[in-house]
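**Q** Got a sequence here, can you build the structure:
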Amino acid sequence: LPLGVAALAGRSTEPTSAARRTALGSLAAAVGLALAGGVIGSRRTVPAGGGASTVPADSAVGRLLELARDRSLDVAGIEPLVSERFYEVDINQVDPDPDRDEWTLSVTGAVETPGEYSYDDITSMPVEHRFNTLRCVGESLNGMKMDNALWTGTPLTRILDDAGLQGDYVMMRAADGFYEEFSVSALRNGFLAWGMNGADLPRGHGAPVRALIPGHWGEINVKWLTEIEILDEEMEGYWEERGWHGTGPVNTVAKLHAVNRLDDGRIEVGGHAYAGTRGVDRVEVSVDGGDTWTDAELSEPLPGDDVWRQWVHRYDAPGTDHEVVVRATDGTGTLQPEDERNAFPNGPSGWVSRTVRA
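**A** Residues are numbered from 1 along each chain as shown. Modelled structure (predicted):
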C-alpha cells in the first residue's frame with residue numbers, strides 16, 4: 001500500500017479520466033489496476049532541447065516548427081499545434097534507458113533475410129520530418145492525453161522491403177517488455193522516429209528509436225523498439241490480451257478545453273479535433289445544448305496524414321447558464337458519433353459538452 005501511494009503521487013495509474021490523474025481517491029482500485037497491468041500515464045513537459053527556440057530557423061525542422069507556430073490559433077488555454085507538453089503512457093513505473101551505442105533493432109520471423117540494425121544504420125537512412133498526433137486509448141472523452149509533435153526519422157518500409165516479408169502480420173517488441181501486433185499493411189506508412197521537435201528523441205518517448213503507425217491509438221506506437229518479428233498468423237498484443245481493442249483506428253473527437261470571457265463581453269470556446277488519417281473537415285459548436293449548430297473556425301491544416309487541428313468559436317454571452325456542445329466531421333464526411341462511450345475497450349467516443357455559467 002505505501003508503494004501504491006508513492007506511485008500514485010508521482011504518476012497516474014488510471015487512463016480513463018483526466019480529472020483523476022492527480023487524485024489519490026479509490027486507492028485500492030488504482031493499485032489493483034496497476035498490479036493487473038493497467039496503463040500508467042502522465043502528462044509531462046517536452047524536454048527543453050526540443051522546440052523552435054533551439055532549432056535553426058533556416059533548417060527543415062525550423063521551417064516546419066515556424067509553420068506550426070504561424071498556423072496555431074490565438075486561443076488562451078489550449079496547446080499550440082506543436083504541443084508544449086506531451087503525455088506519456090507506459091506499462092512500467094520506470095522507463096528503460098537503452099544505451100544508444102549498444103542498441104540494435106532486429107528484423108526476425110517469416111522473412112527471407114533477417115536483419116539487425118544499429119542506431120547509426122537507422123539514422124543514416126534518408127531522413128523525413130513528420131507531424132504526427134498521438135491519442136491515448138484509455139483517456140476520458142475530453143481528457144488531455146492527446147498531443148502533436150514534429151518527429152524526425154525514416155519510413156519503416158526501408159527495412160521491411162530489405163527483409164523480404166513472407167508473413168502478413170508483424171509483432172513489435174520493446175525494451176520495456178511491451179509488444180504489439182499489426183497487419184503488414186498497417187505498417188506501409190509507418191515511421192521509425194529518433195527525433196522530436198528538433199532534438200533527440202527523449203527517453204520518455206522511446207529513445208533511441210520508436211515506431212509511429214499513422215491512424216492508430218497512441219499505445220500501439222511502440223517505444224524503445226528492439227525487434228520487428230514477421231508472423232504468418234495473427235497473434236494478440238499486450239493490450240489485446242488485457243481486453244483492449246488497441247490497434248485502432250483511432251476514434252474521431254472534438255475536445256473542448258478553453259472557455260474564455262473576452263474584453264468585448266463575448267465568450268470564446270476552443271480546443272482540438274482529431275480523426276487519425278481521415279483528417280478533420282469540420283467542427284460544429286452548439287451553445288444551446290445541441291438545438292442549433294454553427295461552424296467553428298479551424299486552424300489551417302499542417303502537412304501530414306495524421307495530424308490534429310485547432311478550433312475556436314466566439315459568441316455573444318446569453319446571460320444565463322448554457323450548455324456548449326462540440327462535434328467533428330472527419331475527412332470522409334462521417335460525423336463523430338453522439339452517444340458517449342467509456343474508454344474500455346475501444347476508446348472513448350461521443351460529443352463533448354460543458355456547462356458555461358452566466
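**Q** Please count neighbours and contacts with C-alpha atoms only from this point.
**A** OK.
**Q** what about the strands in the stretch 201-350 of the chain?
**A** Remark: strands assigned in the stretch 201-350 of the chain by DSSP state E, counting those that start in this stretch are 210-212, 225-231, 253-254, 258-261, 266-274, 280-286, 294-295, 297-298, 309-316, 322-330.
**Q** Who are the packing partners of the first one?
**A** Based on contacts counted as 3 or more C-alpha pairs under 8 Å, 6 or more residues apart in numbering; DSSP states H and E, the elements that strand 210-212 packs against are strand 191-196.
**Q** Relative to the helix or strand just after the strand it packs on, what are the paired strands and their orientations?
**A** Downstream of strand 191-196, the first helix or strand assigned by DSSP states H and E is strand 199-200. According to DSSP bridges, strand 199-200 forms sheet pairs with strand 191-196 (antiparallel).
**Q** Can you pull out the residues in contact with the strand it pairs with?
**A** If you take C-alpha atoms under 8 Å, 6 or more residues apart in numbering as the criterion, strand 191-196 is touched by 50, 123, 149-156, 200-202, 207-213.
**Q** Let's check: the centremost residue of this protein is which one?
**A** Leu134 (1.3 Å; C-alpha atoms, centre = their mean).
**Q** any idea how far Asp90 is from that residue?
**A** Leu134 sits at a distance of 14 Å from Asp90 (criterion: C-alpha to C-alpha, to the nearest Å).
**Q** My read is that the residue nearest to the centre of the chain contacts Asp147, right?
**A** Yes. Counting by C-alpha atoms under 8 Å, Leu134 touches Asp147, with 5.6 Å between them.
**Q** residues contacting the residue of the chain most remote from its centre?
**A** Distance from the C-alpha centroid of the chain peaks at Gly319, with 37.3 Å (C-alpha atoms, centre = their mean). Counting by C-alpha under 8 Å, 6+ apart, Gly319 touches Ala358.
**Q** thinking again about what came up before, residues in contact with the residue nearest to the centre of the chain?
**A** Applying C-alpha under 8 Å, 6+ apart to Leu134 gives the contacts 146-148, 217-218.
**Q** Report the secondary structure state of it.
**A** Secondary structure, DSSP: H, G, I helix; E, B strand; the rest coil: Leu134 is strand.
**Q** Return the distance of Leu81 relative to Met172.
**A** Separation of Leu81 from Met172 (C-alpha to C-alpha): 29 Å.
**Q** Phe131: what's its closest spatial neighbour, skipping adjacent residues?
**A** Closest residue to Phe131 apart from its sequence neighbours, by C-alpha to C-alpha, 6 or more residues apart in numbering: Leu150 at 4.4 Å.
**Q** I figured the one you found hits Glu128, correct?
**A** No. At 10.2 Å, Leu150 does not count as touching Glu128 under the criterion of C-alpha under 8 Å.
**Q** Of those two, give the one with the bigger neighbour count.
**A** Taking neighbours as other C-alpha atoms under 10 Å, Leu150 and Glu128 compare with Leu150 leading, 24 against 15.
**Q** Tell me the pLDDT of the more buried one.
**A** Listed pLDDT for Leu150 reads 98.
**Q** Likewise for Leu187?
**A** pLDDT, read off for Leu187, is 89.
**Q** again with the one 10 residues further on
**A** Reported pLDDT at Asn197 in the predicted model: 97.
**Q** count of neighbours near it?
**A** 30.
**Q** quick one: it and Trp151 touch, right?
**A** Yes. Counting by C-alpha under 8 Å, Asn197 touches Trp151, with 6.2 Å between them.
**Q** With Val287 as the reference, measure out to Gly276.
**A** Applying C-alpha to C-alpha to Gly276 and Val287 gives a distance of 27 Å.
**Q** Comparing these two, which shows the higher neighbour count?
**A** Set Gly276 next to Val287 and count neighbours by other C-alpha under 10 Å: Gly276 wins out with 27 against 24.
**Q** So the more buried one is in contact with Val253, correct?
**A** No. Using C-alpha under 8 Å, Gly276 is not in contact with Val253; the gap is 9.6 Å.
**Q** before we move on, back to that, overlap in contacts of Leu134 and Asp147?
**A** With C-alpha under 8 Å, 6+ apart, Leu134 and Asp147 have no common neighbours.
**Q** Scan this protein for its longest helix.
**A** helix 60-71 (DSSP state H).
**Q** helix/strand/coil for Leu160?
**A** Classification of Leu160 using three-state DSSP returns helix.
**Q** Can you give me the pLDDT of Ser83?
**A** 97.
**Q** Who are the contact partners of it?
**A** Going by C-alpha under 8 Å, 6+ apart, Ser83 touches 147-149.
**Q** Tabulate those (a markdown table), appending secondary structure.
**A** Compiled in a markdown table, the contacts of Ser83 are given as follows (three-state DSSP):
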| residue | secondary structure |
| --- | --- |
| Asp147 | strand |
| Asn148 | strand |
| Ala149 | strand |
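**Q** closest to Asp97 among those residues?
**A** Distance to Asp97, by C-alpha to C-alpha, is smallest for Ala149 among the contacts of Ser83, at 21.2 Å.
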